[in-house]
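> Here's my sequence, what's the structure:
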Amino acid sequence: MSLAMSRAEREAFLADTHVAIVSIAEEGRGPLTVPVWYRYAPGGEVRFATGDGSRKERLLKRAGRASLCVQTEKPPYLYVSVEGPTTIDVVDFERDTREMALRYLGPKMGEAYLVSTYPEGTTSEVLVRLRPERWWSADFRKFGGAG
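Residues are numbered from 1 along each chain as shown. A predicted model of the protein is given here:
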């Protein structure tokens, strides 16, 4: 029995709100693996922000690729992992920063976070766009013994 999700299932799961773990190759050591807030719409790119000049950005520019994984924390477990090329772009504060804060923290806490973290209403972050080329997924609800 396959636990793999269909294309529609995995894209819908990735489009939900999860904290993702991104991994970026780093020469001479294991990959940099860190949590990120992200957004994704089915058929599109995964988008997340990182600091301009940060270790993440430097490694992404060098590697040109990354892997990203999202999962549930409680059974029945589900996960989606994607890998593909990345590009670095300009962050739009309203579209990227504000939308992400509200998505992950809700309206009240999101606005408080924005005011305290970005008092000028601007950011020195960059936008990372990851185009999924390879997908892996599992949905343990498909396992007959789950539940």
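> shaky segments in this structure?
Counting by pLDDT under 70, the ranges of the chain that qualify are 145-147.
> Mind checking which residue lies nearest the centre of it?
Nearest to the mean C-alpha position of the chain, by Cα atoms, centre = their mean, lies Tyr38 at 3.8 Å.
> can you pull out the helices in the protein?
In chain order, the chain shows helices spanning 7-15, 55-63, 99-117, with DSSP state H as the criterion.
> Based on its surroundings, how many neighbours for Leu60?
Burial of Leu60 is recorded as 23 neighbouring residues (other Cβ atoms under 10 Å). Any C-beta I mention is one placed from the backbone N, CA and C, and that applies to glycine too.
> and what of Ala66?
The criterion is other Cβ under 10 Å. On that basis, Ala66 has 24 neighbouring residues.
> do you know how far it is from Val126?
As for Ala66, its distance to Val126 is 14 Å (criterion: Cβ to Cβ, to the nearest Å).
> Likewise for Ser137?
Counting by Cβ to Cβ, the gap from Ser137 to Val126 is 28 Å.
> for Leu68, same thing?
Leu68 sits 16 Å away from Val126, taking Cβ to Cβ as the criterion.
> who's more crowded, the two?
Shown here are Leu68 and Val126; by other Cβ under 10 Å, Leu68 has more neighbours (24 against 20).
> List the contacts of the more buried one.
Listed by Cβ atoms under 8 Å, 6 or more residues apart in numbering, the contact set of Leu68 reads 20-23, 36, 38, 46, 81-83, 130.
> go again using 10 Å as the cut-off
The contact partners of Leu68, taken as Cβ atoms under 10 Å, 6 or more residues apart in numbering, are 14, 20-24, 36, 38, 40, 46, 48, 80-84, 86, 128, 130, 132.
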